[in-house]
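K.L.:
I would like to see how this sequence folds:
(one chain, ligands or ions: 1)
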Amino acid sequence: MTSERRVLVHPDAASLEASVAARFLTKVIDLLDEHPTIDVCLTGGSTGIAVLAAVAQNPAREGIDWSRVRFWWGDERYLPNGDADRNETQARNALLDHLALPPENVHPFPAPGDHPTIEAAAEAYATELGDTTFDITFLGVGPDGHVASLFPDHATVLETTKKVVAETNSPKPPPERLSLTLPVINSSERIWVVLAGADKAGALGLALADANVASVPVAGVRGRKRTVFFVDQDAAAEVPEGLIDRDRYWTASDEG
Ligand SMILES: O=C1O[C@H](COP(=O)(O)O)[C@@H](O)[C@H](O)[C@H]1O
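P.N.:
Predicted coordinates:
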């Protein structure tokens, strides 16, 4: 784990969401200058979906050729297609349905009934993923330190063989979920962790103190090139001062 980690603190959740949205659009433009297509991995959760809504609100999105952008997910709540609690449904409503995206560019996790078992669904998503690596992966963080659907002290956190795991006893509803594993998440070029609120401060503090990954999954997150924690003031309460990039304007190239 040698890649750089940074913490960028924003005054509040709204400015965090708008700032990440603007940086995302700039980074997509830069990446599409260099690559024919790019792969973006989305997160569910409060801040992750709010960031997508902020992207939809940003006029810069209109200048992007979205047919060259493919979307995946880091995890999914294993609920029927179209269920309002699916991360996919929320991302479609917040952003994807507002973009000129060919349907084949969107790679949602399977839903119940698509495959005989949840384990078969996990294998099917791993096959669909193939050798894909993500240019940008968004992650949210739970108050317990979970990322994607990798929960503290569940064996799935330390899975190193499979690309995708089935979680059948999630402490956060719904109990059944699908998740990418840490090795797949960490094969991403850049990981943007987005979190807001005082209830996330403990998890962030532990992650940056390199806590035990099995108990604090977010502590094990490292993109190949860069990992940036975009946080609000409340979530930053337990971050050591020396790790905070405060009041400095970052250009897109700062994010690698
Ligand atoms: O259920 C989930 O929760 C986490 C964190 O969500 P938040 O609402 O506490 O921000 C999210 O990262 C994950 O994708 C989602 O399935």
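K.L.:
now the helix-or-strand element of the chain with minimal mean pLDDT: how far from the chain's centre is it?
P.N.:
Counting by mean pLDDT, DSSP states H and E, the chain has its least confident helix or strand at strand 244-245, which shows a mean of 75. Counting by C-alpha atoms, centre = their mean, to the nearest Å, strand 244-245 is centred 21 Å from the centre of its parent chain.
K.L.:
Likewise for stretch 153-166?
P.N.:
17 Å.
K.L.:
mind listing what's buried in it?
P.N.:
Residues of stretch 153-166 classed as buried: 154, 156, 157, 159, 162, 163, 164, 165, 166 (neighbour count, 16 or more other C-beta atoms under 10 Å). C-beta here means a position set from N, CA and C on the backbone, and glycine is covered the same way.
K.L.:
Kindly report the residues of the stretch 151-256 of the chain close to the ligand.
P.N.:
residue 172 (C-beta under 6 Å from any ligand atom).
K.L.:
you'd agree residue 229 is in a strand?
P.N.:
Yes: under DSSP: H, G, I helix; E, B strand; the rest coil, residue 229 sits within a strand.
K.L.:
Distance-wise, check residue 228 relative to the ligand.
P.N.:
Between residue 228 and the ligand the computed distance is 16 Å (C-beta to the nearest ligand atom, to the nearest Å).
K.L.:
How about residue 230?
P.N.:
Counting by C-beta to the nearest ligand atom, the gap from residue 230 to the ligand is 12 Å.
K.L.:
Would you pull up the residue in the stretch 101-250 of the chain closest to the ligand?
P.N.:
Using C-beta to the nearest ligand atom, residue 140 is the residue of the stretch 101-250 of the chain that sits closest to the ligand, at 2.7 Å.
K.L.:
The helix or strand hosting residue 54: which residues count as buried?
P.N.:
Using DSSP states H and E, residue 54 falls within helix 46-57. Residues of helix 46-57 classed as buried under the neighbour-count rule (16+ other C-beta under 10 Å) are 46, 47, 48, 49, 50, 51, 52, 53, 54, 55, 56.
K.L.:
Grab the longest helix from this protein for me.
P.N.:
Ordering each helix of the chain by length in residues (DSSP state H) puts helix 13-34 first.
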